[in-house]
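> Show me the folded form of this:
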Amino acid sequence: MAEFEHEHVRVAVIGSGFGGLGAAVRLRREGVTDFVVLERADAVGGTWRDNSYPGCACDVPSHLYSFSFAPNPEWPRTFSGQEHIRAYLEHVTDTFGLRPHIRLNHEVTMMTWDAEKLWWKIEAANGTTLVADVVVSATGPLSDPKTPDVPGLDTFPGRVFHSARWDHDYDLTGKRVAMIGTGASAIQIVPAIQPQVDKLTLFQRTPPWVMPRADRAISGAERWLHRTVPATGKARRGLLWGIRELQVQAFTKRPDELGFIETIAKANMAKSIKDPALRARLTPDYRIGCKRILLSSTYYPALAQPNVDVVASGLSEVRGSTVVAADGTETEVDAIIFGTGFHVTDMPIADRVVGADGITLAETWKGGMESLRGASAVGFPNWMTIIGPNTGLGNSSMILMIEAQLNYLADYLRQLDTLGGRVALAARPSAVGAWNRRVQERMKRTVWNTGGCDSWYLDANGRNTTVWPGTTSEFRRATREVNLAEYDVVRAEVPAPAEVEGAVA
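Numbering: from 1, shown residues only. The predicted structure is shown next:
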């Protein structure tokens with residue numbers, strides 16, 4: 001395609017999960033309509049589209065796990081299932097008129113910064129090429145499944161799939177199934193499939209801390225009240241938020257206070273797990289909160305059933321139909337399900353972003369992810385992340401963090417407008433370094449760093465580049481506006497060719 005045929009938009013948003021749709025809504029509310037949302041799949045929804053495994057649900061209360069600008073008085077349960085959250089995202093898409101901006105089946109294969117014209121050239125797998133003044137990367141850390149490289153796996157004659165790519169065509173009824181991993185997905189899958197399968201073998205490298213899940217149906221009267229008096233729904237959301245804000249101190253400054261929570265978790269286990277040997281295998285040896293605390297009232301009862309075995313070891317090898325644990329345990333299975341998480345600290349999208357110095361974001365981050373206020377990386381002008389480095393949470397709703405970053409995005413665009421002309425903002429290395437030093441200094445006291453576990457919060461160097469070590473209120477204040485002193489203002493030496501301004505579909 002010739003250069004002058006490229007479609008030119010002001011903003012390109014990558015991904016249509018909560019982050020991407022939230023960015024699209026915010027752009028429209030700011031009066032920006034010259035934007036596209038590029039989505040690799042055939043529908044919106046992000047991780048709530050991809051994760052459709054049995055039992056999939058959110059571990060954050062429904063009224064807090066939704067946009068403040070799009071309250072949903074019709075949530076059916078206090079903790080919503082995947083199908084309800086996905087329906088909510090479809091509803092947001094329609095309510096705010098986002099569909100004309102969304103390009104489905106547009107997987108981005110490369111984004112390259114043009115330092116002369118001050119725009120991003122974006123290439124998609126379907127052959128589409130366009131340019132954008134600003135890129136908002138909202139691909140999310142839970143978008144690309146991680147499957148371990150297990151010797152012999154390619155010779156396994158049965159079915160193999162990841163929890164985030166569930167094989168709905170495969171009937172598990174009467175099958176011998178190996179579940180690999182004990183994270184948030186696995187503890188939902190196990191009780192959902194246990195009554196159906198003939199034999200379920202759970203491979204557990206590290207036992208999780210599991211708290212009871214206080215889930216219930218939301219009554220018709222409650223829904224009527226929230227629908228009729230919206231302030232009650234807002235109050236409910238505020239209460240849920242406030243409780244979690246008060247809990248943050250224990251996670252970030254006083255991890256020893258979490259011992260009481262461990263007592264509750266152990267009682268939750270003891271209620272269902274009567275076998276002392278099994279209880280010992282399921283009891284963590286690290287401080288609660290070091291890994292994400294999981295919520296389930298059905299996980300332990302499922303593990304106590306006679307058709308379930310817990311192998312306190314990870315999967316190390318596959319020999320034909322036999323799966324072999326690191327401790328030597330051998331089990332014959334018909335299917336292997338991996339609940340082994342995602343590429344969080346090594347996101348594949350980073351290999352597809354080429355910045356001002358001609359190197360990829362992955363190369364820039366090879367020593368660990370770093371960005372300014374979770375948004376701007378050194379060497380990547382006019383490129384922002386939603387749910388970037390050190391913006392994750394251990395006990396509250398990520399929607400709160402997303403909305404804070406949307407405030408930052410809105411002011412970023414206002415600053416570009418104020419500066420005028422073809423202009424870009426490039427995060428200063430000194431500002432990025434100072435921000436991350438402060439974050440890592442605060443991280444030293446947190447349970448995620450001191451709790452004695454090896455979690456997906458840590459990168460290959462043992463550095464916590466994932467979690468925010470403070471309250472959501474603090475982060476919202478830190479991202480309320482762009483400080484131009486933290487950026488270099490870059491202006492184009494030559495004007496953009498006029499012919500590129502003409503959009504071609």
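
> Helices of the stretch 151-300 of the chain, start to end?
Using DSSP state H, counting those that start in this stretch, the helices of the stretch 151-300 of the chain run over 186-193, 220-228, 230-252, 259-272, 276-282, 299-303.

> now what about the first one, what contacts it?
The set of residues external to helix 186-193 that reach it, using CB atoms under 8 Å, 6 or more residues apart in numbering, is 53-57, 163, 172, 177, 179, 200, 202, 208, 210, 294, 296, 298-299, 301-303, 308, 337, 339. To be clear about C-beta, it is placed using only N, CA and C from the backbone, and glycine gets the same treatment.

> quick one: buried residues of stretch 27-43?
Buried residues in stretch 27-43, counting neighbours by 16 or more other CB atoms under 10 Å, are found at Leu27, Val32, Phe35, Val36, Val37, Leu38, Glu39, Arg40, Ala41.

> So which of those sit within strands?
Phe35, Val36, Val37, Leu38 (DSSP state E).

> which residues does the first one contact?
By CB under 8 Å, 6+ apart, Phe35 lies in contact with Val9, Arg10, Val11, Ala12, Val13, Ala24, Leu27, His101.

> can you pick the most crowded of those?
The most crowded member of the contacts of Phe35, judged by other CB atoms under 10 Å, is Val13 (31 neighbours).

> give me every residue that touches Ala424.
Ala424 touches Leu118, Asp133, Pro381, Asn382, Leu416, Val489, Val490, Arg491, counting by CB under 8 Å, 6+ apart.

> can you pick the most crowded of the residues you listed?
Pro381 (25 neighbours).

> for the stretch 251-400 of the chain, what are the low-confidence residue spans?
For the stretch 251-400 of the chain, no stretch is flagged by pLDDT under 70.

> and what of the stretch 401-505 of the chain?
Applying pLDDT under 70 to the stretch 401-505 of the chain flags the ranges 494-505.

> Would you state the strands of it in chain order?
With DSSP state E, counting those that start in this stretch as the definition, the stretch 401-505 of the chain shows strands at residue ranges 423-427, 487-491.

> Distance to Gly367 for those strands - can I get that in TSV?
Below are those laid out as TSV (distance: least, CB to CB, whole Å):
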stretch	distance to Gly367
strand 423-427	17
strand 487-491	22
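
> which one of those strands lies closest to Gly462?
strand 423-427 (25.0 Å; CB to CB).

> what angle sits between the closest one and strand 487-491?
150 degrees (axes from the mean of the first three to the mean of the last three CA atoms, to 10 degrees).

> Next, the buried residues of strand 423-427.
Quick answer for strand 423-427 (16+ other CB under 10 Å): Val423, Ala424, Leu425, Ala426, Ala427.

> And those residues, which is closest to Ser143?
Ranked by distance to Ser143 (CB to CB), these are led by Ala427 at 23.6 Å.

> The closest one contacts Gly374, correct?
No. The pair Ala427 / Gly374 is not scored as a contact, 11.5 Å apart, by CB atoms under 8 Å.

> related to what we said a few turns ago, dump the ones in strands among the buried residues of stretch 27-43 into JSON lines; add distance to Gly158 and pLDDT as well.
Shown next, in JSON lines, are these (distance: CB to CB, whole Å; pLDDT from 0 to 100):
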{"residue": "Phe35", "distance to Gly158": "45", "pLDDT": "98"}
{"residue": "Val36", "distance to Gly158": "42", "pLDDT": "98"}
{"residue": "Val37", "distance to Gly158": "38", "pLDDT": "98"}
{"residue": "Leu38", "distance to Gly158": "36", "pLDDT": "98"}
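
> what's the most distant pair in those?
Phe35 and Leu38 (10.2 Å).

> one step back: reformat the buried residues of strand 423-427 into a markdown table and put distance to Ala460 next to each item.
Below are these laid out as a markdown table (distance: CB to CB, whole Å):
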| residue | distance to Ala460 |
| --- | --- |
| Val423 | 37 |
| Ala424 | 31 |
| Leu425 | 30 |
| Ala426 | 27 |
| Ala427 | 24 |
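
> how many neighbours does the closest residue to Leu153 other than its chain neighbours have?
Spatial nearest neighbour of Leu153, excluding adjacent residues (CB to CB, 6 or more residues apart in numbering): Val318 at 4.9 Å. The number of residues packed near Val318 is 21, by other CB under 10 Å.

> Then Gly152?
14.

> now Asp488
For Asp488, using other CB under 10 Å, the count is 13.

> just to revisit the earlier point, between the contacts of Ala424, which is closest to Met269?
Nearest to Met269 among these: Asn382, at 50.1 Å, using CB to CB.

> Can you give the domain ranges for this structure?
What automatic domain parsing lists as the domains of the chain is 3-143+344-501, 153-214+247-338.

> residues touching the residue nearest to Leu153, list them.
Going by CB under 8 Å, 6+ apart, Val318 touches Val150, Pro151, Gly152, Leu153, Thr155, Phe156, Val324, Ile336.

> just the buried members of these?
Taking 16+ other CB under 10 Å as the criterion, what is buried in the contacts of Val318 is Val150, Leu153, Phe156, Val324, Ile336.

> a markdown table for the residues you listed, including distance to Gln249?
Shown next, in a markdown table, are those (distance: CB to CB, whole Å):
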| residue | distance to Gln249 |
| --- | --- |
| Val150 | 41 |
| Leu153 | 44 |
| Phe156 | 47 |
| Val324 | 44 |
| Ile336 | 41 |
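
> quick one: contacts for Asn390?
By CB under 8 Å, 6+ apart, the residues touching Asn390 are Met369, Ser371, Gly374, Asn436, Val439, Asn464, Thr465, Thr466, Val467, Trp468, Pro469.

> ignore the last one, Ala362
Asp346, Ala350, Asp351, Val353.
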